[in-house]
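Novice: please work out how this folds:
(one chain, ligands or ions: 1)
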Amino acid sequence: MKAAIAGTGSYLPERILTNMELERMVDTSDEWITSRTGIKERRIVGPDEATSDLAAAAARKALEMASVDAEELDLIIVATITPDFMFPSTAGQVQRLLGAHRAAAFDIEAACTGFIYALSVGELFITGGKYNKVLVIGAEVLSRFVNWEDKTTCVLFGDGSGAALLVPSEDEERGIISTHLHSDGRMWDILMAPAGGSRMPIDERAIAQKLNTVKMKGNEVFKVAVTKLSEVVDEVLQENGLGEEDIDFLVPHQANLRIIQATAKKLKLPMEKVIITVDRHGNTSAASVPLALDEAVRSGRIKQGDRVLLEAFGGGLTWGAALVRW
Ligand code: UT7
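Specialist: As a prediction, this is how the structure comes out:
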């Protein structure tokens, strides 16, 4: 049995923050941001919105596409590094907002690779026969965890959410073909938020030094990302006995256009076969892959029968991929 994606959904907050506005906030330029990252604008939540609100909005659209009621859900998994609370889980909040009273709910934290990890876990619950309707969500409010005075990070991130509903597939040809998860905790400190956990609780010093915000050694992360994504893409092809020509669409994590172009080149895929949202969304961490996937599905670019390769790389370090037959 395979797990198939029966519906997708996504949500973006209304407020658009452009590169031009950032030019007035920090010592940066539209030219620098565009040429180094491909980002032109990103979305920012309103004062009353939290991660679960974004997640629930994307979830409702995925349920609607699949014609499934929230009460039918067996499990809700939310991938996020920007939860509503330290605890309880954001998934529990989503369950409450949806009225999905039957569902179990928990969060997964694998930074920008979170959605790939969550999809892989959701798939196992379906193929193991335990559950029939599993909602997998990637949702982030990164704007509340960046240092708006640090030009090396604040220009990169955005808020948003994406969701996918997993169900058992009647058709053996359709569904998740394989998932590939990797992690290397030795490089934990090149992309992280130092304060706010048990190692460094938030105190006056942490707040003064903004240690509860994202810190990234961008250049180091960039190099590892290009290498590891190239390796994992090879792994997907090899394990499934496929060639580059067998991939119809690449839905990459949207951190940097240059990283995306490197992976597309490795796959010998023309850029028309690569879903790009980084220009409009920035890096939305765990939300970026399901956001891009939903956009490609709703616009009719991804069609039944297509082989779609999802991949992501992020803090942990973590990286991974999933191959899905649509
Ligand atoms: O999503 C999780 C995974 N994350 C990623 O994959 C991100 C990976 N990293 C990247 O995308 C890139 O490394 C960045 C976009 C973050 C940075 O690009 P880069 O080409 O690696 O630049 P850099 O960090 O080597 O910095 C080059 C210069 C520096 O100035 P100096 O030291 O050469 O004088 C920075 O201070 O660019 C400067 N700089 C900026 N200038 C204007 C850094 N940020 C900015 C900025 N505006 N926003």
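
Novice: which other residues reach stretch 188-196?
Specialist: Residues outside stretch 188-196 that contact it (CB atoms under 8 Å, 6 or more residues apart in numbering): 81, 86, 111, 145, 200-203, 206, 211-217, 220-221, 224, 314-317. For every residue, glycine as well, the C-beta is placed using N, CA and C.

Novice: whoops, stretch 163-176 was the one
Specialist: Everything outside stretch 163-176 that qualifies as a contact, by CB under 8 Å, 6+ apart, is 1-10, 55, 58-59, 61-63, 65-66, 68, 119, 122-123, 126-127, 132-138, 290, 293-294, 304, 322-326.

Novice: near the ligand, which of the residues you listed show up?
Specialist: Checked against the ligand using CB under 6 Å from any ligand atom, these yield no neighbours at all.

Novice: out of those residues, which sit inside strands?
Specialist: Using DSSP state E, the members of these that fall in strands are 2-10, 134-138, 322-325.

Novice: the contacts of stretch 163-176, buried ones only, as a ChimeraX selection?
Specialist: Entered in ChimeraX, the line below selects the buried ones among these, by 16 or more other CB atoms under 10 Å:
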select :2,3,4,5,6,7,8,9,10,55,58,59,61,62,63,65,66,68,119,122,123,126,127,133,134,135,136,137,138,290,293,294,322,323,324,325,326
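
Novice: out of the contacts of stretch 188-196, which touch the ligand?
Specialist: 221, 314.

Novice: filter the contacts of stretch 188-196 down to the buried ones, PyMOL style.
Specialist: Command for PyMOL that selects the buried part of these, burial taken from 16+ other CB under 10 Å:
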select buried, resi 81+111+145+206+211+212+213+214+215+216+221+224+314+315+316+317
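
Novice: can you give me the strands in this protein?
Specialist: Using DSSP E, strands in the chain cover 2-11, 15-18, 41-44, 75-79, 104-108, 134-141, 159-169, 175-183, 191-192, 215-216, 249-252, 307-314, 318-325.

Novice: out of those strands, deepest packed?
Specialist: Using mean count of other CB atoms under 10 Å, the stretch among the strands of the chain with the largest mean neighbour count is strand 134-141, at a mean of 33.

Novice: now do that one and strand 104-108, the angle between them.
Specialist: Angle of strand 134-141 versus strand 104-108, following axes from the mean of the first three to the mean of the last three CA atoms, to 10 degrees, is 50 degrees.

Novice: so what's the residue of the chain found nearest the ligand up against?
Specialist: Residue nearest to the ligand within the chain: residue 218 (2.8 Å; CB to the nearest ligand atom). Going by CB under 8 Å, 6+ apart, residue 218 touches 152-153.

Novice: and residue 267, by the same measure?
Specialist: 233, 244, 247, 250, 309.

Novice: residues in contact with the second one?
Specialist: Contact criterion CB under 8 Å, 6+ apart gives 237, 267-269 as the residues in contact with residue 244.

Novice: rebuild those residues as JSON lines, extending it with distance to residue 156.
Specialist: Listed next are the contacts of residue 244 as JSON lines, based on distance: CB to CB, whole Å:
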{"residue": "237", "distance to residue 156": "30"}
{"residue": "267", "distance to residue 156": "24"}
{"residue": "268", "distance to residue 156": "28"}
{"residue": "269", "distance to residue 156": "24"}
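
Novice: would you mind putting the strands of the chain into JSON lines with distance to residue 279 alongside?
Specialist: Putting the strands of the chain into JSON lines (distance: least, CB to CB, whole Å) gives the following:
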{"stretch": "strand 2-11", "distance to residue 279": "16"}
{"stretch": "strand 15-18", "distance to residue 279": "11"}
{"stretch": "strand 41-44", "distance to residue 279": "8"}
{"stretch": "strand 75-79", "distance to residue 279": "23"}
{"stretch": "strand 104-108", "distance to residue 279": "27"}
{"stretch": "strand 134-141", "distance to residue 279": "18"}
{"stretch": "strand 159-169", "distance to residue 279": "14"}
{"stretch": "strand 175-183", "distance to residue 279": "27"}
{"stretch": "strand 191-192", "distance to residue 279": "22"}
{"stretch": "strand 215-216", "distance to residue 279": "20"}
{"stretch": "strand 249-252", "distance to residue 279": "13"}
{"stretch": "strand 307-314", "distance to residue 279": "18"}
{"stretch": "strand 318-325", "distance to residue 279": "23"}
